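with the input below, show me the fold.
(2 chains, ligands or ions: 2)
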Amino acid sequence: MNHSTKKELMTGSRIIIESLIREGVDTIFGYPGGAVLNIYDELLNYEDKLKHILVRHEQGAAHAADGYARASGKPGVVLVTSGPGATNTITGIATANMDSVPMIIITGQVPTNLIGNDAFQEADTVGITRPCTKHNYLLRDIKDIAKTIKEAFYIASTGRPGPVLIDIPKDITSNVYEFDYPETVELKGYSPTYFGHHIQILKLVEEILKAKKPLLYIGGGVISSNAADELKEFAELLDLPITSTLMGLGGFPSNHALFFGMLGMHGTYAANMAISDADFIVAIGARFDDRVTGKVEEFGKNAKFAHIDIDPSSIGKNVKIDIPVVGDVKSVLSSLLEALSGKTEKISSGRYDRLGWLEKINEWKYEHPLLYKMSDTIKPQYVIEKIYELTGGDAVIATEVGQNQMWTAQFYKFKYPRTLLTSGGLGTMGYGFPAAIGAQIACPDKVVFDIAGDGSIQMNIQELATAVQYNLPVKIAIINNNFLGMIRQWQELFYHKRYSSSEMNVNPDFVKLAEAYGAVGLRAKNPDEVVPVIEEALSINRPVIMDFVVDREEGVYPMVVPGAPITGMLLV
Amino acid sequence: MEKTHILSVLVENESGVLTRVAGLFSARGFNIDSICVAKTLEKNESKMIIATSGDAQILEQITKQLNRLVNVIKVQELTGEDSVTRETVLIKINADETTKGDIFRIKDIFGGRIIDMSRNSYTLEAIGSEGKIESLIDVLRPLGIKDIVKTGIIAIQRAKKSN
Ligand SMILES: Cc1ncc(C[n+]2csc(CCOP(=O)(O)OP(=O)(O)O)c2C)c(N)n1
Ligand SMILES: [Mg+2]
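Ligands and ions are numbered 1, 2, ... in the order given. Alright, predicted model coming up:
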């Protein structure tokens, strides 16, 4: 190697690509356009090191990068052009931001001298994305490319992760400068707290040993900090019952005896009753979303709260917290375990004292388990149960939004972290399929599903071409009720069955649609066709659409009436 | 009445940082009463003094979110007891033979200065706490204020008293 101080001269485009490679990037999702043509030209020279996935819509690129990131834990990378290319990614960026997904979005910009001129394909991308990114940059100098990319990856993947956007004017990508990738970042205003405060840890330990009716309420933070092992050890050590948000599913095995399902609007009876009866609730990487708490004044009304979260601004936002612990979930759980070691006697007497509490939650569970009634038509829940059984719970499952998403959360028993990819915060229809594509690229050896609705799948159906082009054998299971089902359910319950614009009067023939794209289409119309269709799809190493024609007016239950306490559940 | 809060926000002096900070307030429908920004002694750092009024709990949330911004180095709430605040005001007043004497007297009482003069108007400059500036405006109002400009509040923490 040449150790002289003279660094190699490169174009801005090459500096960008070399920097990405330094960050360990091997796949990017994108779509070309005028402002990024220099970068695209350079990409041809790197085909062996950096794979570019050409999507069919920039929104698809953003969701695919998001799915890649959620499935792998590595930041997903997006490359799009200025103006419409950038604006098309906004929904994907906002989705990732709400769910704390690490992502780098590189957008082209008009040349520096034209910025602010209403130039062709100019948009104020940093202005538009400021509220929906963790941070963003407009580069103005080729000297800053390497440093900025280094910072962007650091910011996106540390602390509470999130999307970081870098807007790069075209002239900078053709100018030439020396390439020198920095080893470290220096950011005065950014230093996430990793380790929980010792005193807070001790307080939490003391309280949990004392508690008669403790409950762990886990969220996506368990997954993003890779804390599933520590969580399991902690829960098993003290015999602590667990409930999870949508985003936390997979953070703790759903088939474990201590797990009582999702809480909140479509949570289980047991979980919602337990929240209301508990005397000590430990929220772990969760953020007290309104879909979780129901009427917030009544949430955990008999409990003291501890809250472990890396983001101080999440703590105490909606619910008053008695023991806040700012820190990385994984590291805080390790500290808790450490603080508990040696307290064997207290631990075992505590476990004994709480037997009644576990029994009580189990009673609730058997009183009102998740239920559905079989009939001559296919029940959506049945499809999802069968997908679970036939994949052994080992698949990566992306979902769309609506009833399909809630049924998946209820009836697929997630066993491992990073196996559920779903838009929890923004609730983005059209997320699931491109996310499944990203996940399939991150996990080539896994079975990847998108459990979809007939409405949602049409929001990014164009990506079927992407899946076919790159031989990605994603399985799309459309729970086809010919309705915007979740909307219909709300109209049924709260608008006197006035089904305003929720019926999908015209849907394509999804089987033919799959075939038109060069994928495989299968259909099940009655219950005994469900298993054979799933089995056939699993045996085909190509993208498959399964069209499950289901009971049109099935509802998602339990359901907490909006604004009511979470114990106010409508049951089946 | 809602209490006025003063935040001292140390930021990296980069383009867009003002928008980021202001955006957190506007996103929650929080009004900024005044905001003063200038460089500090440190290279590439600026300090913003933000005066705002509103619910203390929401403000705490905003403070936490300000801390979350990558370009924000430090956020501090300054309270009346532990800080000194100042504001500068420029007031253009009707000045005729009957009022000139009053203006001069008031100016002296408030420690102000006349910084511009024409045949029928004076421009007065005064510096003081928000309360003092308010009183000055109150006594001048009957004389006929033509125009008024304020800098907004700046504030600094008091030195610790040695005991
Ligand atoms: C982009 C977007 N637009 C609108 C909505 C509002 N919305 C939530 S669920 C839903 C219906 C989804 O229908 P479908 O995909 O068929 O799923 P189903 O509920 O029938 O399972 C709609 C329109 C949304 N979440 N996202
Ligand atoms: Mg539907």
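
tell me how far the closest residue to ligand 1 within chain B lies from residue A:131.
For chain B, the residue closest to ligand 1 is residue B:27, as judged by CB to the nearest ligand atom, at 21.1 Å. No exception for glycine: its C-beta is placed from N, CA and C like everyone else's. Counting by CB to CB, to the nearest Å, the separation of residue B:27 from residue A:131 is 7 Å.

and the lowest-mean-pLDDT helix or strand in chain B, what does it pack against?
Across the helices and strands of chain B, mean confidence by mean pLDDT, DSSP states H and E is lowest for helix B:56-68: a mean of 89. When contacts are defined as 3 or more CB pairs under 8 Å, 6 or more residues apart in numbering or on different chains; DSSP states H and E, helix B:56-68 packs onto strand B:4-12, helix B:17-26, strand B:72-78.

winner for burial among those?
Among the helices and strands packed on helix B:56-68, strand B:4-12 has the highest mean neighbour count (mean count of other CB atoms under 10 Å in any protein chain shown), at a mean of 20.

so in that sheet, which strands flank it, and in what orientation?
strand B:45-53 (antiparallel), strand B:72-78 (antiparallel) (DSSP bridges).

CA atoms only for the least confident helix or strand of chain B - export them in CSV, please.
C-alpha atoms of helix B:56-68 as CSV (Å, rounded to 0.1, in the frame of the first residue of the first chain):
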residue,chain,number,x,y,z
ALA,B,56,-44.4,23.5,31.2
GLN,B,57,-44.9,19.8,30.4
ILE,B,58,-44.9,20.4,26.6
LEU,B,59,-41.9,22.6,27.0
GLU,B,60,-40.1,19.8,28.8
GLN,B,61,-40.9,17.6,25.8
ILE,B,62,-39.6,20.2,23.4
THR,B,63,-36.5,20.5,25.4
LYS,B,64,-35.9,16.8,25.2
GLN,B,65,-36.5,16.9,21.4
LEU,B,66,-34.2,19.8,21.0
ASN,B,67,-31.5,17.7,22.7
ARG,B,68,-32.2,15.0,20.2
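
and residue 91, what is it in contact with?
Picking chain A for this. Residue A:91 makes contact with A:59, A:62, A:426, A:428, A:430 under the criterion CB atoms under 8 Å, 6 or more residues apart in numbering or on different chains.

wrong one, chain B
So residue B:91 contacts B:123-124, B:126, B:136-137, B:140, B:145, B:147-148 (CB under 8 Å, 6+ apart).

and the residue of chain B closest to ligand 1, how far from residue A:292?
Distance from residue B:27 to residue A:292, by CB to CB: 22 Å.

of the two, who's got more company?
Per other CB atoms under 10 Å in any protein chain shown, whichever of residue B:27 and residue A:292 has more neighbours is residue A:292, with 29 against 11.

pLDDT (mean, whole number) over the helix or strand hosting the more buried one?
Per DSSP states H and E, residue A:292 falls inside helix A:290-293. Taken as a whole, helix A:290-293 carries a mean pLDDT of 94.

from the contact counts, what lies against the next helix or strand after that helix?
Of the helices and strands lying after helix A:290-293 in sequence (DSSP H and E), the nearest is strand A:304-309. Secondary-structure packing of strand A:304-309 (3+ CB pairs under 8 Å, 6+ apart): helix A:198-210, strand A:280-284, strand A:323-326, helix A:329-340.

for strand A:304-309, which outside residues touch it?
So strand A:304-309 is contacted by A:196, A:204, A:207-208, A:221, A:279-287, A:314-316, A:319-327, A:329, A:332-333 (CB under 8 Å, 6+ apart).

and those residues, which of them are buried?
Buried members of the contacts of strand A:304-309, scored by 16 or more other CB atoms under 10 Å in any protein chain shown, are A:196, A:204, A:207-208, A:221, A:279-287, A:314-316, A:319, A:321, A:323-327, A:329, A:332-333.

tell me how many other residues crowd the residue in chain B that chain A sits nearest to.
Residue nearest to chain A within chain B (CB to the nearest CB): residue B:64, separated by 3.7 Å. The number of residues packed near residue B:64 is 18, by other CB under 10 Å.

what is the end-to-end distance of stretch B:109-126?
11 Å (CA to CA, to the nearest Å).

which residues does that stretch contact?
Contact with stretch B:109-126 is made by B:88-96, B:100, B:103-104, B:106-107, B:127-128, B:132-133, B:135-136, B:140, B:146, as judged by CB under 8 Å, 6+ apart.

can you tell me which of those are in helices?
B:100, B:103-104, B:106-107, B:132-133, B:135-136, B:140 (DSSP state H).

from those residues, which is closest to residue A:261?
If you rank the ones in helices among the contacts of stretch B:109-126 by distance to residue A:261 using CB to CB, residue B:133 comes first, at 60.3 Å.

my guess is that closest one meets residue B:149, correct?
No. Here residue B:133 does not reach residue B:149: they are 11.6 Å apart, not a contact under CB atoms under 8 Å.

more neighbours: these two, which one.
residue B:133 (22 against 10).

helix/strand/coil for residue B:114?
Using DSSP: H, G, I helix; E, B strand; the rest coil, the structure places residue B:114 in strand.

partners of it in the sheet?
residue B:124.

good, wrapping up.
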